[in-house]
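1. Sequence first, then the predicted structure, then my questions.
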Amino acid sequence: MEQPKTLGEFVIEKQHEFPYSTGELSSLLNSIRLAAKIVNHYVNKAGLVDILGSTGTNNAHAEEQQKLDVLANKLFINSLINREIACGIASEEEEDFISISGMKKDNQNKYVVLIDPLDGSSNIDVNVSVGTIFSIYRRISPVGTPVTLEDFLQPGINQVAAGYIIYGTSTMLVYTTGHGVNGFTLNPAIGTFYLSHPNMKFPDKGKIYSINEGNYVHFPLGVKKFIKYCQEEEDDRPYTSRYIGSLVSDFHRNLIKGGVYLYPQTAKHPNGKLRLLYECNPMAFLAEQAGGKASDGKRRILEIKPQKLHQRVPFYVGNKEMVNLIEQMIQIYD
């Protein structure tokens, strides 16, 4: 039986697909892989050491930080800074971006990294899957100078790579560089990621919808109509309702099984709750590369020009047919 490719082998093999590549992007992916393995180690022993629960402090969005949020944030940032392979980092847990090029005057690196270190961390106390989301862009400011805010406020179509790590019954790293989506599963015995899910695609037909229906009364009418459509007994419906509360976990299941994830705006969150740069853009890039679609209900997510580092947008992502129907219902009823 032929041994599957390791993540390192796969990255090297595909390096020719990157324009301007000098190996720097490959090194960035390897750095993220290393930090992911360390975070996975802590996630798996979370109940045995004092890293569960709240820190008693808030992050940049006035949200209560979990201890694992802080730990994962520190691990990913340190991994990227110490290996000197990025010129800037923006994290969902940090109010402002970090200029690595500003720390080292001769920094000639060309890429910035945006990261959600631990998505769904409120689930960690109850042993439910959580994840990490990352996005990589080529800087637009001159190489060798400190990065600027504009390097991070790029539309999602400019991403050169994006992906997520899901820490679940098995730990997987799933990523794209604009040439399809591939998934790698960690063998914990030897600490190596192996190609387990090549060329991942959404099934042609989706039968799952993922939304927090507890907020139903606050949803726009178009979204309510879509939910009722999913629940009707007609043709191959009703569809199955599945919601974990961790974007990575919900997206990963829908990618494999076929479905759509919805996080609309509400009265409490008129612009939605998910962050365009740290969550929506990377997931939209992955979705499109897997034959799916991502929208804010009216626009293609990847074409939105960010105005702020922590900008929020409504988010609908998954099977193309299902997202198209959501857009149609929003257009008709809202």
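-> Ah, there it is.

2. how about the CA coordinates for the host helix or strand of residue 164, as PDB?
-> Per DSSP states H and E: residue 164 is located in strand 159-167. The C-alpha trace of strand 159-167 is given here as PDB (Å, rounded to 0.1, in the frame of the first residue of the first chain):
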ATOM      1  CA  GLN A 159      -5.700  36.000  -0.800                       C
ATOM      2  CA  VAL A 160      -2.800  33.700  -1.900                       C
ATOM      3  CA  ALA A 161      -3.700  31.000   0.600                       C
ATOM      4  CA  ALA A 162      -6.300  30.300   3.300                       C
ATOM      5  CA  GLY A 163      -7.300  27.400   5.500                       C
ATOM      6  CA  TYR A 164      -8.300  26.100   8.800                       C
ATOM      7  CA  ILE A 165      -7.300  23.500  11.400                       C
ATOM      8  CA  ILE A 166     -10.100  21.500  13.100                       C
ATOM      9  CA  TYR A 167      -9.200  20.000  16.500                       C
END
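
3. Taking strand 159-167 as reference, get the angle to whatever helix or strand comes next after that strand.
-> Counting by DSSP H and E, the next helix or strand C-terminal to strand 159-167 is strand 171-176. Taking axes from the mean of the first three to the mean of the last three CA atoms, to 10 degrees, one finds strand 171-176 and strand 159-167 inclined to each other by 160 degrees.

4. neighbouring contacts of strand 171-176?
-> 7, 29, 32-33, 36, 40, 161-166, 181-186, 188, 193, 196-197, 200, 252, 255, 285-286, 289-290 (CB atoms under 8 Å, 6 or more residues apart in numbering). Backbone N, C-alpha and C define where each C-beta goes, glycine included.

5. re the thing from before, now for the strand holding residue 164, which elements pack on it?
-> Applying 3 or more CB pairs under 8 Å, 6 or more residues apart in numbering; DSSP states H and E, one finds that strand 159-167 contacts helix 24-44, strand 130-138, strand 171-176, helix 247-257, helix 281-289.

6. I'd like the mean pLDDT over the shortest one, please.
-> Computed over strand 171-176, the mean pLDDT rounds to 97.

7. Which parts of the stretch 51-200 of the chain are helices?
-> Under the criterion DSSP state H, counting those that start in this stretch, helices of the stretch 51-200 of the chain are mapped to 67-82, 100-103.

8. which ones are touching the residue nearest the centre of the chain?
-> Central residue of the chain (CA atoms, centre = their mean): residue 133, 3.4 Å from the mean position. Neighbouring residues of residue 133 by CB under 8 Å, 6+ apart: 115-116, 119, 162-164, 247-248, 278-279, 282-283.

9. so what's it scoring on pLDDT?
-> At residue 133, the pLDDT value in this model is 98.

10. all numbers from here: first residue = 474
-> Sounds good: first residue 474 from here, last item residue 606.

11. how about low-confidence regions in the chain?
-> Applying pLDDT under 70 to the chain flags residues 474-475, 491-495, 519-539, 574-580.

12. and it, what are its domains?
-> 480-670, 681-806 (automatic domain parsing).

13. gap between the two ends of the last one?
-> It stands for domain 681-806. End-to-end distance of domain 681-806 (CA to CA, to the nearest Å): 22 Å.

14. which non-adjacent residue is nearest residue 754?
-> Using CB to CB, 6 or more residues apart in numbering and skipping residues adjacent in sequence, the residue nearest residue 754 is residue 629, 3.6 Å away.

15. Sorry, slip of the keys, the one I care about is residue 722.
-> In space, and not counting its chain neighbours, residue 722 is closest to residue 602: 4.3 Å by CB to CB, 6+ apart.

16. ok so, going back, out of the helices of the stretch 524-673 of the chain, which comes closest to residue 611?
-> Residue 611 lies closest, by CB to CB, to one member of the helices of the stretch 524-673 of the chain: helix 573-576, at 13.6 Å.

17. what about the closest residue in space to residue 731 that isn't next to it in sequence, distance to residue 732?
-> Excluding its sequence neighbours, the residue lying closest to residue 731 (CB to CB, 6+ apart) is residue 676, at 3.5 Å. Counting by CB to CB, to the nearest Å, the gap between residue 676 and residue 732 amounts to 9 Å.

18. higher neighbour count, these two?
-> Higher neighbour count among residue 676 and residue 732: residue 732, with 28 against 15, using other CB atoms under 10 Å.

19. Find residues that contact each of residue 676 and residue 732.
-> Residues touching both residue 676 and residue 732 (CB under 8 Å, 6+ apart): residue 792.

20. What count of nearby residues applies to residue 517?
-> Neighbour count of residue 517, defined by other CB under 10 Å: 12.

21. Now for it: which residues touch it?
-> When the contact criterion is CB under 8 Å, 6+ apart, the partners of residue 517 are residue 640.

22. ok, now residue 632?
-> If a contact means CB under 8 Å, 6+ apart, then residue 632 has 608-610, 651, 754-755, 758, 775 as its contacts.

23. beta partners of it?
-> Per DSSP bridges, the residues bridged to residue 632 are residue 610.
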